[in-house]
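Participant: Requesting a structural model of the entry that follows:
(one chain, ligands or ions: 1)
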Amino acid sequence: MILTEIDHVAIAVHDLEEAIHYYQRAFGAEVHHREIVERDGVEEALIKVADSYIQLTTATRDDSPIAKFLATRGEGLHHIGYRVDDCNGALQAMIAAGARPIDETPRPGSRGTTVAFIHPKGSHGTLIELVEE
Ligand code: CO
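Facilitator: Numbering: from 1, shown residues only. I've put the predicted structure just below:
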């Protein structure tokens, strides 16, 4: 089994502050990490749940993929991040299994991770992110 853990469940939100406050009120959640990822046009807040995270994500500019997602689909589940030991090895295994990569090779993600995204088409409707810590 290539996957070692659910790294994060990413949820697209319009207003990051409001979403954080909601998770604080509803669950007593605390933000473990917060980061703006300029190349992806996103700001994210990570809420730790055991060894995984809920990743509340919003757009920092109108042309970011999250902005387009929010405009067309509204708020909601955006992608699942699966933790792996070897991002490139996992990516090649997925491609061999028929997956459609968005990233042809792994690239830097948030928190100093190495990541690769896989298109939902070909993966039963889920945008998948492979995450190597
Ligand atoms: Co992610």
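
Participant: contacts and neighbour counts: CA atoms only from here.
Facilitator: Will do.

Participant: so how far is stretch 22-41 off the chain centroid?
Facilitator: Relative to the mean C-alpha coordinate of its chain, stretch 22-41 is positioned 12 Å out (CA atoms, centre = their mean, to the nearest Å).

Participant: start the count at 42, not 1, going forward
Facilitator: Sure, I'll start numbering at 42, so the last one becomes stretch 63-82.

Participant: list the buried ones in that stretch?
Facilitator: Tyr64, Ala70, Val72, Arg75, Ile77, Val78, Asp81, Gly82 (16 or more other CA atoms under 10 Å).

Participant: End to end on it, go ahead and measure it.
Facilitator: Counting by CA to CA, to the nearest Å, you get 23 Å between the two ends of stretch 63-82.

Participant: residue ranges of the strands in this structure, please?
Facilitator: 44-53, 72-78, 83-90, 93-100, 117-125, 148-149, 155-159, 169-173 (DSSP state E).
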